[in-house]
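> mind looking at a prediction? Sequence and model below.
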Amino acid sequence: MNITRSAAAIGAAVALAGATAAIAGCGSSTPSSGASGVPAKLIVWRMGSPVASQETWMKGVVSQFHKKFPQFKNTKVVVDWIPWGNRTQDWTNALTSGKGGPDITELGNTDTPGWASQGALANVTSDVRAWSDGSQLIPGNLANDTLNGVTYAVPWFGGVRGIWYNKDQFAKAGITAAPTTWAELVSDAKALMKAYPGTYGLGAPSDYTNAIVSFIWGAGGQVAVQQGGKWVAQLNTPASEAGIKFYADLLLKYHVSPSKYIGETELGTVGATSGGSDEDFALGKLDMYIDGPWAESSLEAVSKKNMAQWASFPIPSEHGPNPAPAFAGGSDLGIWAKSPYKTADWDLITVMDSPSNATTFANSQGFFPEFTSKLSSGVYTSSPILSGFAKAAGYTQISPLNSKNWATADATDNIIPDMMKALMQGANFTATVNKANTELQNVLNTGSET
């Protein structure tokens with residue numbers, strides 16, 4: 001799913017109906033309840049580790065499921081908790097052996113297309129079309145679950161990055177509205193630095209792919225596209241280069257970001273959990289900070305001095321007025337292809353992912369539901385912190401961050417971070433971007449840079 005802190009943030013919950021399976025090996029339900037086809041139990045794979053705070057939520061979902069679908073009132077719903085790091089092996093084992101799989105599985109949204117293409121997930125196209133709540137799903141996120149016109153999962157919850165700021169600082173700097181273009185973003189950053197000498201206007205860490213891609217997309221570019229069954233990298237198209245250059249120029253040309261963020265993530269040195277632009281923002285040393293709503297608790301842990309003034313706005317696109325697309329990290333729900341109880345599976349998914357239940361769950365985890373009607377509700381629009389992120393959540397992209405080799409390209413080979421680091425250190429722009437483009441295309445297609 002590719003959200004920083006994701007495993008800790010969404011690794012939630014509980015065993016259902018008094019039966020929690022400790023490992024994935026419990027397997028999917030078997031047709032043991034007679035000719036009616038009513039399952040004795042349904043196995044749900046959730047990613048993460050159990051957190052007791054979600055027990056009430058999950059028990060409530062099961063109670064609703066039994067009430068709404070009385071034909072399944074005696075069906076036990078059992079949750080297996082799969083560590084995020086184990087999910088690939090567990091899915092692979094279940095797929096290759098044909099045994100030990102779930103009935104329903106949570107997937108990180110970057111996982112879904114790859115597993116659908118391997119035949120692990122059932123076709124739910126007709127179910128989604130007939131689902132009364134399906135029309136409310138964010139189109140871009142549902143598109144990530146659709147391959148060649150076939151839908152294999154539904155979005156459940158997600159999170160996006162936006163820009164944190166301090167309302168009081170904006171007011172004192174004479175900024176009356178959040179910026180909607182890159183020119184306004186730079187102008188505001190400079191105004192804040194002038195009003196608050198010694199601060200920096202906007203943090204631009206080089207090792208921050210999930211922020212950098214928004215600027216590529218915000219200029220109308222793409223990281224890579226699929227053509228003829230192959231990935232074609234597009235970092236060196238004019239639009240993509242405009243986004244890459246602007247991000248680098250936050251340091252090189254506009255001087256609104258400090259050089260100390262070169263080689264850092266938003267949380268500091270690679271692997272660190274603090275000491276970066278996040279901490280500087282909480283301490284008032286950085287005026288604007290790129291991250292998601294899930295950062296609130298960690299910012300408060302650094303300093304509560306300014307927390308009453310914190311707010312957010314979407315990352316602007318180059319020319320506005322709409323925000324730049326944000327990478328939508330989160331989770332989906334799919335039906336395992338070999339489950340014998342696909343009707344019951346789908347009915348349970350509609351309860352887990354109803355607008356009300358999905359919203360309650362997402363809010364408890366610092367994320368958003370995947371329904372457009374909920375994103376525009378007063379719960380978010382009235383919150384200074386959440387309103388900007390909720391608006392950003394309506395403008396999302398994922399590809400190619402759903403490629404099976406994306407993790408190699410980004411987290412292992414660090415292609416975009418290394419490119420940005422080199423640029424911020426003065427490397428030749430064209431040569432550096434072309435090199436990264438070639439490496440990215442090779443990795444996406446083969447898993448190797450060469």
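Perfect, thanks for sending it.

> which parts of the stretch 101-250 of the chain are strands?
104-108, 146-147, 150-151, 154-159, 162-166, 224-227, 230-233 (DSSP state E, counting those that start in this stretch).

> can you tell me what sits against the fifth one?
The one in question is strand 162-166. With contacts defined as Cβ atoms under 8 Å, 6 or more residues apart in numbering, strand 162-166 is touched by 178, 202, 281, 284, 287-293, 295, 299, 306, 309-315, 326, 385, 388-389, 391-392. Where C-beta positions appear, they are placed from N, C-alpha and C, glycine not excepted.

> contacting residues for residue 373?
By Cβ under 8 Å, 6+ apart, the contact set of residue 373 is 136, 355.

> from the chain's centroid, how far away is the helix or strand containing it?
According to DSSP states H and E, residue 373 maps onto helix 372-375. Offset of helix 372-375 from its chain centre (Cα atoms, centre = their mean, to the nearest Å): 17 Å.

> for that helix, buried residues please.
Within helix 372-375, the residues that count as buried by 16 or more other Cβ atoms under 10 Å are 374-375.

> remind me what whichever helix or strand comes after that helix packs against, helices and strands.
Sequence-wise, the next helix or strand downstream of helix 372-375 (DSSP H and E) is helix 378-381. In terms of contacts (3 or more Cβ pairs under 8 Å, 6 or more residues apart in numbering; DSSP states H and E), helix 378-381 is packed against helix 384-392.

> just give the nearest non-adjacent residue to residue 146, would you?
residue 152 (7.4 Å; Cβ to Cβ, 6 or more residues apart in numbering).

> I meant to write residue 75 there.
Closest to residue 75 by Cβ to Cβ, 6+ apart is residue 39, at 5.2 Å.

> now swap in residue 281 and tell me
Using Cβ to Cβ, 6+ apart, the closest residue to residue 281 is residue 289 (3.6 Å).

> what is the neighbour count of the nearest residue to residue 295 once chain neighbours are set aside?
Spatial nearest neighbour of residue 295, excluding adjacent residues (Cβ to Cβ, 6+ apart): residue 278 at 6.2 Å. Neighbourhood size, residue 278 [other Cβ atoms under 10 Å]: 27.

> how about the strands in the stretch 351-450 of the chain?
Under DSSP E, counting those that start in this stretch, the stretch 351-450 of the chain gives strands at 368-369, 396-397.

> correct me if wrong: residue 264 contacts residue 203.
No: in this structure residue 264 lies outside contact range of residue 203 using Cβ atoms under 8 Å: 9.1 Å.

> more neighbours: which of those two?
A direct count of neighbours by other Cβ under 10 Å for residue 264 and residue 203 places residue 203 higher, at 31 against 22.

> mean pLDDT lowest where, among the strands of the stretch 351-450 of the chain?
Note on the strands of the stretch 351-450 of the chain: lowest mean pLDDT is at strand 396-397, with a mean of 86.

> let's verify the residue nearest to residue 281: helix, strand, or coil?
Put simply, residue 289 is strand when judged by DSSP: H, G, I helix; E, B strand; the rest coil.

> wait, what's in contact with it?
For residue 289, counting by Cβ under 8 Å, 6+ apart, the contacting residues are 163-165, 202-203, 266, 277-278, 280-281.

> cutoff 6 Å now
By Cβ atoms under 6 Å, 6 or more residues apart in numbering, residue 289 lies in contact with 164, 203, 277, 281.

> for residue 234, same thing?
By Cβ under 6 Å, 6+ apart, the contact set of residue 234 is 222, 224, 240.

> quick check: closest non-adjacent residue to it.
Closest residue to residue 234 apart from its sequence neighbours, by Cβ to Cβ, 6+ apart: residue 222 at 4.6 Å.

> and the one you found, how many residues sit next to it?
By other Cβ under 10 Å, 19 other residues sit near residue 222.

> could you list the low-pLDDT ranges of the stretch 1-150 of the chain?
1-36, 53 (pLDDT under 70).

> please repeat the previous calculation with a cut-off of 80.
1-37, 49-55, 85 (pLDDT under 80).

> again with the stretch 201-350 of the chain
The stretch 201-350 of the chain contains residues with pLDDT under 80 at 273, 328-329.

> quick revisit: filter the contacts of strand 162-166 down to the buried ones and hand me the ChimeraX line.
Listed next is the ChimeraX selection for buried residues among the contacts of strand 162-166, using 16+ other Cβ under 10 Å:
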select :178,202,281,284,287,288,289,290,291,292,293,295,299,306,310,311,312,313,314,315,326,385,388,389,391,392
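
> closest to residue 406 out of the strands of the stretch 351-450 of the chain?
Judged by Cβ to Cβ, the one of the strands of the stretch 351-450 of the chain that comes nearest to residue 406 is strand 396-397, at 13.1 Å.
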